[in-house]
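J.: okay, predicted coordinates and the sequence, questions at the end:
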Amino acid sequence: MSMKAKLRAAFEAALREAHEAESRSEHVRAWRHLERAHVLSQAHAGPHVRVHWRMLGFGWRRRNAAEWVGQVVRLLVAAPGSWLGRAPLGNTGGANVGILTPMPIPDDLRALLDADR
């Protein structure tokens, strides 16, 4: 099942905002947008993998070895996790959180995710 238009638009906006924030050296803000994109993408294998690639790139540019390693592992399991419905809801996707740890979903993102079902 592909992302519905509203969810796809929010996902793409989060990735775009992450890129723009990073280009202004607003690294905390950029990461926050990558995390939001991750939450939005988890049920969809292609977008889910795409976010982890972006997170890997972000970690690479920040010279964060822990993030590189964490993202490589996540890249291996992202698509199967999405296909099997095993991605932990709300998980923000960074190496700083458990790979299978569910997390609270912000209300604005929950509304988008509920509409995607």
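T.: Looks like it came in fine. No experiment lies behind these values; they were computed from the predicted model shown.
J.: now the helices for this protein?
T.: Using DSSP state H, the helices of the chain run over 5-23, 27-41, 45-61, 65-83, 107-116.
J.: and Leu89, how far from Ala111?
T.: Distance of Leu89 to Ala111, given as C-beta to C-beta, to the nearest Å: 14 Å. Heads up, the C-betas are built off the backbone N, CA and C, glycines and all.
J.: I meant Pro104, not that one.
T.: 14 Å.
J.: same check on Arg54?
T.: Using C-beta to C-beta, Arg54 is found at 23 Å from Ala111.
J.: tell me which of those two has more neighbours.
T.: Applying other C-beta atoms under 10 Å to Arg54 and Ala111 shows that Arg54 carries more neighbours, namely 22 against 13.
J.: low-confidence ranges, this protein, go.
T.: Scanning the chain for pLDDT under 70 picks out 1.
J.: okay, which residue is most central for it?
T.: His38 (1.6 Å; C-alpha atoms, centre = their mean).
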